[in-house]
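**Q** Turn this into a structure:
(one chain, ligands or ions: 2)
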Amino acid sequence: MTYLDTTDEERDYSVIGSFIPDDSVGKCVYCKHCHPCPAGLNIGLINKYYDLSRQGDPMAKDHYLTLEKTASDCIKCGHCNKRCPFKVQQQERMEEIKNYFGK
Ligand code: SF4
Ligand code: SF4
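**A** Residues are numbered from 1 along each chain as shown. Ligands and ions are numbered 1, 2, ... in the order given. Okay, the predicted model is just below:
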(Lines give C-alpha, C1' and ligand atoms only; values in the text may rest on other atoms or scores of the structure.)
(Ligands and ions follow the chains in the order given, each with its own letter.)
Protein backbone atom coordinates (compact mmCIF):
# COMPACT_ATOMS: atom_id res chain seq x y z
CA MET A 1 0.00 0.00 0.00
CA THR A 2 2.99 2.30 0.47
CA TYR A 3 3.22 2.43 -3.36
CA LEU A 4 -0.03 4.42 -3.47
CA ASP A 5 1.55 7.19 -1.38
CA THR A 6 4.60 7.59 -3.62
CA THR A 7 5.11 10.47 -6.04
CA ASP A 8 5.43 10.08 -9.84
CA GLU A 9 9.14 10.81 -9.44
CA GLU A 10 9.52 7.95 -6.97
CA ARG A 11 7.69 5.63 -9.38
CA ASP A 12 10.02 6.47 -12.26
CA TYR A 13 11.92 3.24 -12.95
CA SER A 14 13.75 4.56 -16.03
CA VAL A 15 17.00 4.37 -14.04
CA ILE A 16 16.86 0.60 -14.69
CA GLY A 17 17.94 1.38 -18.24
CA SER A 18 21.33 2.53 -16.95
CA PHE A 19 22.00 -0.92 -15.43
CA ILE A 20 21.76 -2.74 -18.77
CA PRO A 21 24.94 -4.53 -19.89
CA ASP A 22 26.39 -3.15 -23.13
CA ASP A 23 25.89 -6.43 -25.01
CA SER A 24 22.12 -6.28 -24.37
CA VAL A 25 21.70 -2.86 -25.95
CA GLY A 26 19.72 -3.11 -29.17
CA LYS A 27 18.59 -6.70 -28.54
CA CYS A 28 14.95 -7.51 -27.93
CA VAL A 29 14.53 -9.65 -24.80
CA TYR A 30 10.73 -9.97 -25.21
CA CYS A 31 10.05 -8.09 -21.96
CA LYS A 32 7.03 -6.26 -23.43
CA HIS A 33 7.89 -3.03 -21.66
CA CYS A 34 7.06 -1.30 -24.96
CA HIS A 35 3.48 -2.59 -24.86
CA PRO A 36 0.74 -1.70 -25.54
CA CYS A 37 1.27 -1.17 -29.23
CA PRO A 38 -1.40 1.23 -30.62
CA ALA A 39 -1.83 -1.07 -33.63
CA GLY A 40 -2.33 -4.12 -31.40
CA LEU A 41 0.89 -5.96 -32.25
CA ASN A 42 2.25 -8.39 -29.70
CA ILE A 43 5.75 -6.99 -30.09
CA GLY A 44 7.49 -9.34 -27.66
CA LEU A 45 5.99 -12.47 -29.22
CA ILE A 46 6.61 -11.32 -32.79
CA ASN A 47 10.27 -10.79 -31.94
CA LYS A 48 10.52 -14.15 -30.22
CA TYR A 49 9.13 -16.00 -33.27
CA TYR A 50 11.46 -14.03 -35.53
CA ASP A 51 14.55 -14.90 -33.52
CA LEU A 52 13.52 -18.55 -33.11
CA SER A 53 12.87 -18.89 -36.81
CA ARG A 54 16.25 -17.42 -37.70
CA GLN A 55 17.84 -19.86 -35.25
CA GLY A 56 16.27 -22.73 -37.19
CA ASP A 57 13.08 -23.51 -35.25
CA PRO A 58 10.74 -24.85 -37.98
CA MET A 59 7.58 -24.20 -35.91
CA ALA A 60 8.27 -20.52 -35.30
CA LYS A 61 7.14 -19.36 -38.75
CA ASP A 62 3.88 -21.35 -38.48
CA HIS A 63 3.18 -19.76 -35.10
CA TYR A 64 3.99 -16.32 -36.47
CA LEU A 65 1.61 -16.76 -39.41
CA THR A 66 -1.29 -17.54 -37.04
CA LEU A 67 -0.95 -14.18 -35.27
CA GLU A 68 -3.89 -11.84 -35.77
CA LYS A 69 -1.54 -8.86 -36.13
CA THR A 70 1.86 -9.19 -37.76
CA ALA A 71 4.74 -6.85 -38.53
CA SER A 72 2.99 -5.61 -41.67
CA ASP A 73 0.30 -4.06 -39.42
CA CYS A 74 2.86 -1.73 -37.83
CA ILE A 75 1.79 1.88 -38.36
CA LYS A 76 5.29 3.20 -37.59
CA CYS A 77 4.17 5.35 -34.70
CA GLY A 78 7.49 5.04 -32.87
CA HIS A 79 5.92 4.32 -29.46
CA CYS A 80 7.96 1.13 -28.98
CA ASN A 81 11.24 2.85 -29.85
CA LYS A 82 10.60 5.43 -27.13
CA ARG A 83 9.59 2.86 -24.50
CA CYS A 84 12.24 0.17 -24.97
CA PRO A 85 14.75 0.16 -22.09
CA PHE A 86 17.16 -1.83 -24.31
CA LYS A 87 17.15 0.85 -27.00
CA VAL A 88 15.89 -1.57 -29.65
CA GLN A 89 14.93 0.23 -32.87
CA GLN A 90 11.77 -1.79 -32.95
CA GLN A 91 9.96 0.22 -35.59
CA GLU A 92 12.78 -0.54 -38.02
CA ARG A 93 12.91 -4.15 -36.83
CA MET A 94 9.23 -4.58 -37.72
CA GLU A 95 10.10 -3.73 -41.31
CA GLU A 96 12.86 -6.35 -41.19
CA ILE A 97 10.46 -8.94 -39.72
CA LYS A 98 7.80 -8.17 -42.33
CA ASN A 99 10.33 -8.73 -45.11
CA TYR A 100 11.55 -11.95 -43.51
CA PHE A 101 8.11 -13.57 -43.03
CA GLY A 102 6.44 -11.89 -46.01
CA LYS A 103 3.71 -10.29 -43.86
S1 SF4 B 1 11.36 -3.99 -28.03
FE2 SF4 B 1 12.32 -3.57 -26.06
S3 SF4 B 1 10.63 -3.22 -24.63
FE4 SF4 B 1 9.78 -4.24 -26.43
S5 SF4 B 1 9.77 -6.42 -25.94
FE6 SF4 B 1 11.70 -5.97 -27.01
S7 SF4 B 1 13.19 -5.52 -25.42
FE8 SF4 B 1 11.18 -5.39 -24.48
S1 SF4 C 1 6.07 1.47 -34.26
FE2 SF4 C 1 4.80 -0.26 -34.93
S3 SF4 C 1 5.25 -1.93 -33.49
FE4 SF4 C 1 6.00 0.00 -32.56
S5 SF4 C 1 4.30 0.66 -31.24
FE6 SF4 C 1 4.07 1.69 -33.24
S7 SF4 C 1 2.71 0.36 -34.44
FE8 SF4 C 1 3.46 -0.84 -32.68
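
**Q** Poorly predicted segments of this protein, please.
**A** 1-4, 6-21 (pLDDT under 70).

**Q** Show me which residues of it sit near ligand 2.
**A** Proximity of the chain to ligand 2, by C-beta under 6 Å from any ligand atom, involves residues 37-39, 41, 43, 74-80, 90-91, 94. The C-beta positions use only the backbone N, C-alpha and C, and glycine is treated the same way.

**Q** Run a quick neighbour tally on Gly102.
**A** Neighbours of Gly102 under the rule other C-beta atoms under 10 Å: 10.

**Q** in this protein, which spans are strands?
**A** Applying DSSP state E to the chain gives no strands.

**Q** what are the ranges of the helices in this structure?
**A** For the chain, helices defined by DSSP state H occupy the ranges 43-54, 58-65, 79-83, 90-101.

**Q** helices or strands up against the last one?
**A** Using 3 or more C-beta pairs under 8 Å, 6 or more residues apart in numbering; DSSP states H and E as the contact definition, the elements that helix 90-101 packs against are helix 43-54, helix 58-65, helix 79-83.
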